[in-house]
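S.K.: sequence and predicted structure, then a few things I'm wondering about:
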Amino acid sequence: MQDRTKTWLGWIMAGAVPLLIIAFGFPESARPQEITERARIVGLEWLLSNCEIGEGTRLTAQLAQFGAELEPFFLRALQEGPDNKLLSDHQRASETRYQQRQEMLKSGRRLPLSDDDRKAAQAITQEQYLAQEREDFVLRYKSQAVAGLGIVGGPKAKSLLEPLSKDEKSPLRGSAQEALKRMASSEKKR
């Protein structure tokens, strides 16, 4: 009888935790960290930028203003990559670029390409082109997330970047090493 009572108490407690969460919300540590809309916009602009001369300095200063508020945003961007809407938008733009590229290659206009290079470029299928564009976009997005962590990251970012910086197979290895150097130099300035 005592075992049956323990079992029932266990079931009641197991059901009580979800009910408490529904009634009172997640504990602060389990709640996804929300950021201001302005911080999200600046973070997204950073992720999608190529940091032209002068542009990188402006965005870097804006990231530094938001600081640790952007760390969870960049950690998520690094781990998950771009969302489906960004990927879809990028795909549409890549499809347009592919069509323009093919038209240019087929035209009789002189291009700074040898005949062999022109033929090789024309031989690339749309599927191959789109797959490479997607792969490059995701890598660039994640690389920008790593660079952003180098500016705003704290201990959590450091613990994620350290193994990445040592992974000889990762295309993000160099970016992670640079981000860690930047974090170390920022710590020395404090």
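M.R.: It's in. Numbering: from 1, shown residues only.
S.K.: you'd agree R134 is up against S88?
M.R.: No: applying C-beta atoms under 8 Å as the test, R134 and S88 come out as separate, 10.6 Å apart. In this view, the C-beta of every residue, glycine as well, is placed from N, C-alpha and C.
S.K.: just the helices in the chain please.
M.R.: The residue ranges that make up the helices of the chain, judged by DSSP state H, are 2-24, 37-48, 55-66, 71-80, 84-106, 115-123, 126-152, 155-166, 173-189.
S.K.: can I get these in TSV with mean pLDDT?
M.R.: Written out in TSV, the entries for the helices of the chain read as follows (pLDDT from 0 to 100):
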stretch	mean pLDDT
helix 2-24	38
helix 37-48	94
helix 55-66	83
helix 71-80	96
helix 84-106	94
helix 115-123	88
helix 126-152	96
helix 155-166	96
helix 173-189	89
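S.K.: a markdown table for those helices, including mean neighbour count?
M.R.: Shown next, in a markdown table, are these (neighbours: other C-beta atoms under 10 Å):
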| stretch | mean neighbour count |
| --- | --- |
| helix 2-24 | 9 |
| helix 37-48 | 17 |
| helix 55-66 | 15 |
| helix 71-80 | 19 |
| helix 84-106 | 13 |
| helix 115-123 | 11 |
| helix 126-152 | 18 |
| helix 155-166 | 16 |
| helix 173-189 | 15 |
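S.K.: check contacts around the residue nearest to the spatial centre of the chain.
M.R.: When the chain is reduced to its mean C-alpha position, the closest residue under C-alpha atoms, centre = their mean turns out to be A77, at 2.9 Å. Residues near A77 by C-beta atoms under 8 Å, 6 or more residues apart in numbering: G43, L47, Y141, K142, Q144, A145, G148.
S.K.: of those residues, just say which sits nearest to K106.
M.R.: Nearest to K106 out of these is Y141 (C-beta to C-beta; 31.6 Å).
S.K.: can you pull the contacts of that closest one?
M.R.: Taking C-beta under 8 Å, 6+ apart as the test, what Y141 contacts is L47, L48, A77, G81, P82, L86.
S.K.: now do 10 Å
M.R.: Going by C-beta atoms under 10 Å, 6 or more residues apart in numbering, Y141 touches L47, L48, A77, L78, E80, G81, P82, L86, L87, H90.
S.K.: what two of the contacts of A77 are the furthest from one another?
M.R.: In terms of C-beta to C-beta, the contacts of A77 reach their longest pairwise distance at G43 and K142, which sit 13.6 Å apart.
S.K.: touching both of those two, which residues are there?
M.R.: F74, A77.
S.K.: from the contacts of Y141, which is closest to A179?
M.R.: For the contacts of Y141, with A179 as the reference and C-beta to C-beta as the criterion, the closest is L78, at 10.1 Å.
S.K.: these two touch, right, that closest one and K156?
M.R.: No: counting by C-beta atoms under 10 Å, L78 does not reach K156; the two are 11.3 Å apart.
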